[in-house]
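Participant: Predicted model follows, preceded by the sequence.
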Amino acid sequence: MTLDDVADELYGLDPGEFVEARTKHVKAAREDNDRALAAEIGKLRKPTTVGWLVNLMSRDLPEDLKALLSLGESLRDAQRHLSGADLRRLTTQRQQVVRSLAHKSGEIAASRGKSVGEDALRDVAQTLNAALADEATAALVRLGRVVTAASYSGFGPAGLAVVKEKSPHHAPREPAEKPQTSKSKTPDLKAERARAKAELKDARAHADELRRRVKAETAEREEATTTLSDLDRRIEELRGELEHAEHERQFAKNTEKAAGVAVRESEEELREAERRVDEAEEALNEMG
């Protein structure tokens, strides 16, 4: 058993089964005297519903996910080369594929008896967008070991707003040629406002994602706190049962000791009685 084997199994499970399965693997590693592996397994974090949905796709829709991540490589290449036309074309394609995959993740969950809301599906889409923008996130998505929703920046309206095709017909004028009029400044102001609106939209989306993440992690913490309280209560119950059992054991031990003494005394009395019987029989026989 390796850490990769355990991680592959755990992150394919329903989040509700994760902690129990992880505990069993930690115990098994300890029983094999592999404390290092037990410690690494113990560090694996329980996935949120969003993480679970993304991990389902890596297992149930590997080819679709591979195609999406390949699109991410094309998008990053287009950004590096400042290809506005390619970015616009690939961004449209990205939006369609991401929406489709997010919807499919909901269908997979439904086939497993789990109903997920639109908020979760939006977070799945956001995480897929993050995988397109960031190679490290893409690696986690590809392996199917996503823990929680991820955010992104770099694609979409905000990214496209600062990427424009270069054209000889729109070369910048020299400042000394002619002062700019209010008419020539208008397009620049409109572009600035468009960029500012796009940045505001991205900032709000990022803040919303962080709020959802805090909510999910808070729920996970509360679940852990409840589990801890239940275990503490069970430990106290077991301690009480142990104390009661120890008292009963001591009582049984005292009873056994007293019974042993009584048996020895009765055995001595029995031997004496049997001796007297023998003597009486002998006397009777002598009398004829």
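Facilitator: It's in. Model, not experiment: these values are computed from the prediction.
Participant: Output the lowest mean pLDDT helix or strand found in the protein.
Facilitator: Sorting the helices and strands of the chain by mean pLDDT, DSSP states H and E puts helix 157-161 at the bottom, at a mean of 27.
Participant: Okay, residue 226 and residue 147: tell me how far apart.
Facilitator: The gap separating residue 226 from residue 147 is 20 Å, by C-beta to C-beta, to the nearest Å. (Glycine included, C-beta is placed from N, CA and C.)
Participant: Those two: who's more crowded?
Facilitator: residue 147 (20 against 10; other C-beta atoms under 10 Å).
Participant: Could you pull up phi and psi at that one?
Facilitator: phi -90, psi -50 (degrees, to the nearest 10).
Participant: do the one 3 residues further on as well
Facilitator: Per-residue torsions, residue 150: phi -120, psi 150 (degrees, to the nearest 10).
Participant: where does it sit relative to residue 123, distance-wise?
Facilitator: 9 Å.
Participant: cool, and residue 258?
Facilitator: 71 Å.
Participant: Kindly report the same for residue 249.
Facilitator: 56 Å.
Participant: who's more crowded, these two?
Facilitator: Using other C-beta under 10 Å as the criterion, residue 249 and residue 123 rank with residue 123 on top: 28 against 10.
Participant: Following whichever strand or helix holds the more buried one in sequence, what is the next regular element?
Facilitator: According to DSSP states H and E, residue 123 maps onto helix 118-133. Using DSSP H and E, the helix or strand that follows helix 118-133 towards the C-terminus is helix 135-143.
Participant: in that following helix, what counts as buried?
Facilitator: Neighbour-count burial for helix 135-143, with 16 or more other C-beta atoms under 10 Å as criterion, is recorded at 137-138, 140-141.
Participant: closest to residue 106 among those residues?
Facilitator: Minimum distance to residue 106 across the buried residues of helix 135-143 is 16.7 Å, recorded for residue 141 (C-beta to C-beta).
Participant: Surely that closest one touches residue 65?
Facilitator: Yes - assessed by C-beta atoms under 8 Å, residue 141 is found in contact with residue 65 at 6.9 Å.
Participant: what sits in contact with each of these two?
Facilitator: 57-58 (C-beta atoms under 8 Å, 6 or more residues apart in numbering).
Participant: Let me see the domain layout of this protein.
Facilitator: Under the assignment automatic domain parsing, the domains of the chain span 3-42, 49-164.
Participant: Now for the buried residues of helix 135-143: which two are most distant?
Facilitator: Going by C-beta to C-beta, the pair spanning those furthest: 138 and 140, at 7.4 Å.
Participant: Show me the common contact partners of those two, please.
Facilitator: Joint contacts of residue 138 and residue 140 (C-beta under 8 Å, 6+ apart) are residue 131.
Participant: Would you state the helices of the stretch 151-288 of the chain in chain order?
Facilitator: Per DSSP state H, counting those that start in this stretch, the stretch 151-288 of the chain carries helices over the ranges 157-161, 182-286.
Participant: what's the most buried one of the ones you listed?
Facilitator: Of the helices of the stretch 151-288 of the chain, the one with the most neighbours on average (mean count of other C-beta atoms under 10 Å) is helix 157-161, at a mean of 17.
Participant: what residue lies at the spatial centre of the protein?
Facilitator: Most central in the chain under C-alpha atoms, centre = their mean is residue 47, positioned 1.6 Å from the mean C-alpha point.
Participant: Surely that one and residue 11 touch.
Facilitator: Yes - the pair residue 47 / residue 11 is scored as a contact, 6.2 Å apart, by C-beta under 8 Å.
Participant: Which neighbours do these two have in common?
Facilitator: Common neighbours of residue 47 and residue 11, using C-beta under 8 Å, 6+ apart, are 55, 146.
Participant: Now do residue 109 against residue 219, distance only.
Facilitator: 18 Å.
Participant: And residue 129, by the same measure?
Facilitator: Distance from residue 129 to residue 219, by C-beta to C-beta: 24 Å.
Participant: can you check residue 88 too?
Facilitator: Here the criterion is C-beta to C-beta. By it, residue 88 lies 39 Å from residue 219.
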